[in-house]
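Trainee: Quick one, structure for this:
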Amino acid sequence: MQEIEALLGEKPFPRRQLFILCICRFAEPVCFTVLFPFMYFMVRDFHVTDDPNKIPYYVGYIASSFAIAQFWLPWGYLSDRIGRRPVILMGLVGTITSIILFGLSQSYMWALLSRSLCGLLNGNVGVLKSMVAELTVDLSESQRARAFSLLPLMFGLGSILGPMLGGFLNHPVEQFPALFDGRGAFTNFFRHYPYFLPCFVGGLICFLGLMVGVFFLEETLGGKTEIETLDKMVTESARSPAETIHAPSLREARRMSQPNYGAMSNADSSPTSTKCVPSRASSPTPTMTNSTPTLRSVLTKPVLYIVGTYAMVCLQSIIYEELYVIWAAQPLSSGGLAFTSHQIGISLSIAGGMTLGVQLLCWPWIQRRLGTLRCFRTALWVYVIIYFLQGYIRELINFHDNVRDNTLVWIALVMALLFKTICSVTVFTSSMILISNSAPSLSTLGTINGFAQCMASGTRAIGPAVGGALYSWGLAQAWLPWHLRVQVVWLVLALVGFCTFSLSQKVRAGTFGKGIADDEDEDE
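Mentor: Now for the predicted structure:
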């Protein structure tokens, strides 16, 4: 494969470190999604309210607590100072601790606090994006798009396994009596903590990811020495305009900045030899600076536009995810599908499986033909249509001789999930590339990704609470026709989607490591 890349004029792909990052990334969505199938039923079992129409309020608060807590700690900013690796490992430890505590919940307040702890101790998403960007800093645009697509791919895989665990392992004594019933203290424990088993298995998977990170994950944040090496080589090359210059990559700079021992060292590793290497077509070498940037200095107008659009995408996405679980679990009399936790888990796992297929098969093809920015905007527009039509799926439920027939519901649901998955993969992968491309230098990358993650956490904090409140509010409006009462929340979500699409018209593509010029063309 490396020989093929050389023939194509492309640099070697950092497979080993990307594989390790994928393992770390895979572990977290398992813990994040494992509670989705049973969260509605857990809140119901807490008996915080006897009115089923008010349960969405309380489910929304638990979902919001994760992002509210995540909003307050600047993990991306911290990773620019102490390194990416320790922040990633701390995040994994926090995820394991919080998901185990969540499984031990016996009250609504305990569940709320343990979910908040998970958000407080984990900011890995933005840091992982920075690591991918740094590993691919000197690769071509197609290679970088391929690398960035791995993170949502891992989220898709985790989103398959997580809901399956949550849907099938809760209440294990009732679901698997041959294994869990009649076992004394073992049985009593799982009767007392019916939601512990899926949380424990999710935490165990996250622990395996932690062990891989501890032993194999390498730091990608450039130190002062290698940045000075790059600056020195660029300065020297500027003094020799007659020569054809190859700007060194970050990985080459790291190699060159290491001490050279003995007379038999490779001459190609010296800075002076780099000056005579012919240049080749590749992505521009990013600007690197020695000083640590301030947040105010990196918040240019192009950065604010893409980060603002990304935050709105996260808002509508978290509202949809929370609404889907509530809507699917609610009884027919409350405008829902009356699904069991098993059925919810199956549908979410189907969506996760679709994410895997779309990421591997559809996204590279779409991105090559439309470009990142056009993909981004098109998917945002399709979102609006999906949100508008989602609530009407319940109208397809048929009853034959008082027997419920869900065939048409499942067909429509799978189609809606398919288009939603295509849009999600496209939007989130594109946004990762666009945000990284807005960074004017490597030294601002962690700060910008951390700021984007912070803004996303802010919108994710208000999204579930607003979604749950709107659902309950709509059902309580007796003056509205029934079909509008159950549809209000979906219409509001479609409006949010339209606002996001409108804001995306201000976003520009940019070039990684150079940022976005004021006169940057909007097409790639």
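Trainee: mind listing the helices for the stretch 101-250 of the chain?
Mentor: Secondary structure of the stretch 101-250 of the chain by DSSP state H, counting those that start in this stretch: the helices cover 108-120, 124-135, 141-148, 150-169, 172-175, 177-180, 185-192, 196-216, 224-238, 250-256.
Trainee: Rebuild those as TSV, extending it with mean pLDDT.
Mentor: Shown next, in TSV, are the helices of the stretch 101-250 of the chain (pLDDT from 0 to 100):
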stretch	mean pLDDT
helix 108-120	91
helix 124-135	84
helix 141-148	78
helix 150-169	84
helix 172-175	90
helix 177-180	89
helix 185-192	92
helix 196-216	93
helix 224-238	45
helix 250-256	45
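Trainee: Need the winner for burial among the ones you listed.
Mentor: helix 124-135 (a mean of 26; mean count of other CB atoms under 10 Å). Bear in mind the C-beta positions are built from the backbone N, C-alpha and C, glycine included.
Trainee: what angle sits between that one and helix 150-169?
Mentor: 150 degrees (axes from the mean of the first three to the mean of the last three CA atoms, to 10 degrees).
Trainee: Including distance to Gly308, could the helices of the stretch 101-250 of the chain go into JSON lines?
Mentor: As requested, these are exported to JSON lines (distance: least, CB to CB, whole Å):
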{"stretch": "helix 108-120", "distance to Gly308": "21"}
{"stretch": "helix 124-135", "distance to Gly308": "16"}
{"stretch": "helix 141-148", "distance to Gly308": "20"}
{"stretch": "helix 150-169", "distance to Gly308": "21"}
{"stretch": "helix 172-175", "distance to Gly308": "44"}
{"stretch": "helix 177-180", "distance to Gly308": "49"}
{"stretch": "helix 185-192", "distance to Gly308": "46"}
{"stretch": "helix 196-216", "distance to Gly308": "31"}
{"stretch": "helix 224-238", "distance to Gly308": "30"}
{"stretch": "helix 250-256", "distance to Gly308": "29"}
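Trainee: looking at these, which is closest to Ile366?
Mentor: Nearest to Ile366, of all these, is helix 141-148, at 10.7 Å by CB to CB.
Trainee: which helices and strands sit right next to that closest one?
Mentor: Counting contacts by 3 or more CB pairs under 8 Å, 6 or more residues apart in numbering; DSSP states H and E, helix 141-148 is packed against helix 124-135, helix 363-370, helix 407-437.
Trainee: what comes into contact with that helix?
Mentor: Helix 141-148 is contacted from outside by 10-11, 13-14, 18, 129, 132-133, 135-136, 139, 283, 364, 367-368, 372, 429, 432-433, 436, 512, using CB atoms under 8 Å, 6 or more residues apart in numbering.
Trainee: repeat for stretch 194-212
Mentor: Against stretch 194-212 from outside (CB under 8 Å, 6+ apart): 20, 23-24, 26-28, 30-31, 34-35, 38, 42, 45, 89, 92-93, 95-96, 99-100, 102-105, 161-162, 165-166, 168-173, 189-190.
Trainee: Give me the buried subset of those residues.
Mentor: Among these, those classed as buried by 16 or more other CB atoms under 10 Å are 20, 23-24, 26-28, 30-31, 34-35, 38, 42, 89, 92, 95-96, 99-100, 102-103, 105, 161-162, 165-166, 168-173, 190.
Trainee: just to revisit the earlier point, of all the helices and strands packed on helix 141-148, which one comes closest to Asp51?
Mentor: Set against Asp51 and scored by CB to CB, those come closest in helix 407-437, at 25.5 Å.
Trainee: after the closest one, next one along is what?
Mentor: Next helix or strand after helix 407-437 toward the C-terminus (DSSP states H and E): helix 445-476.
Trainee: Give me the contacts around the following helix or strand past that following helix.
Mentor: Sequence-wise, the next helix or strand downstream of helix 445-476 (DSSP H and E) is helix 482-485. Contacts of helix 482-485 with the rest of the structure, by CB under 8 Å, 6+ apart, involve Gly335, Gly474, Leu475, Gln477.
Trainee: repeat that for 6 Å
Mentor: Helix 482-485 is contacted from outside by Gly474, Leu475, Gln477, using CB atoms under 6 Å, 6 or more residues apart in numbering.
Trainee: For Gln390, give its distance to Ile346.
Mentor: Distance from Gln390 to Ile346, counting by CB to CB, to the nearest Å: 18 Å.
Trainee: Those two: which has the busier surroundings?
Mentor: The neighbour count for Gln390 versus Ile346, taken as other CB atoms under 10 Å, is higher for Gln390 (23 against 18).
Trainee: So the chain: which segments form each domain?
Mentor: The chain breaks down by automatic domain parsing into domains covering 2-217+292-504, 223-260+267-285.
Trainee: Tally up the residues packed near Gln343, please.
Mentor: 18.
Trainee: my bad, should have said Leu370
Mentor: Leu370 has 18 neighbours, counted by other CB under 10 Å.
Trainee: Could you say which helix or strand holds the nearest residue to it once chain neighbours are set aside?
Mentor: Excluding the flanking residues, the one nearest Leu370 by CB to CB, 6 or more residues apart in numbering is Thr378, at 6.9 Å. Using DSSP H and E, Thr378 maps to helix 372-390.
Trainee: what angle sits between that helix and helix 363-370?
Mentor: Orientation check (the same axes, to 10 degrees): helix 372-390 against helix 363-370 gives 120 degrees.
Trainee: For helix 372-390, give the mean pLDDT please.
Mentor: Averaged across helix 372-390, pLDDT comes to 93.
Trainee: From the contact counts, what lies against it?
Mentor: In terms of contacts (3 or more CB pairs under 6 Å, 6 or more residues apart in numbering; DSSP states H and E), helix 372-390 is packed against helix 407-437, helix 488-504.
Trainee: ok, back up a step: I'd like to know how far the residue nearest to Leu370 sits from Ser504.
Mentor: For Thr378, the distance to Ser504 - CB to CB - is 10 Å.
Trainee: more crowded one of those two?
Mentor: Neighbours were counted for Thr378 and for Ser504 using other CB under 10 Å; Ser504 has more, 26 against 18.
Trainee: ok, back up a step: could you point out which of the helices of the stretch 101-250 of the chain sits nearest Gln359?
Mentor: Smallest distance to Gln359 across the helices of the stretch 101-250 of the chain (CB to CB): 4.2 Å, for helix 150-169.
Trainee: which strands and helices sit next to the closest one?
Mentor: Judged by 3+ CB pairs under 6 Å, 6+ apart, the packing partners of helix 150-169 are helix 15-33, helix 36-45, helix 196-216, helix 341-357, helix 407-437.
Trainee: Residues in contact with that helix: which ones?
Mentor: For helix 150-169, contacts defined as CB under 6 Å, 6+ apart pick out 22, 25-26, 29-30, 33-38, 197-198, 201-202, 341-342, 345, 348-349, 352-353, 355-356, 359, 425, 428-429.
Trainee: for the stretch 251-400 of the chain, what are the low-confidence residue spans?
Mentor: 251-297, 399-400 (pLDDT under 70).
Trainee: Repeat the analysis, applying 90 as the threshold.
Mentor: Within the stretch 251-400 of the chain, the ranges that satisfy pLDDT under 90 run 251-304, 317-319, 321-323, 325-326, 328-372, 391-392, 394-400.
Trainee: In contact with Ala111: list those residues for me.
Mentor: Taking CB under 6 Å, 6+ apart as the test, what Ala111 contacts is Ile62, Ser105.
Trainee: before we move on, what about Ser64?
Mentor: For Ser64, the contacting residues are Ala461, Pro464, Ala465, by CB under 6 Å, 6+ apart.
Trainee: Make CSV out of those residues and add pLDDT and distance to Val488.
Mentor: Converted to CSV, the contacts of Ser64 look like this (pLDDT from 0 to 100; distance: CB to CB, whole Å):
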residue, pLDDT, distance to Val488
Ala461, 79, 22
Pro464, 82, 17
Ala465, 82, 16
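Trainee: looking at those residues, which has the most residues close by?
Mentor: Greatest neighbour count in the contacts of Ser64, by other CB under 10 Å, goes to Pro464: 27 neighbours.
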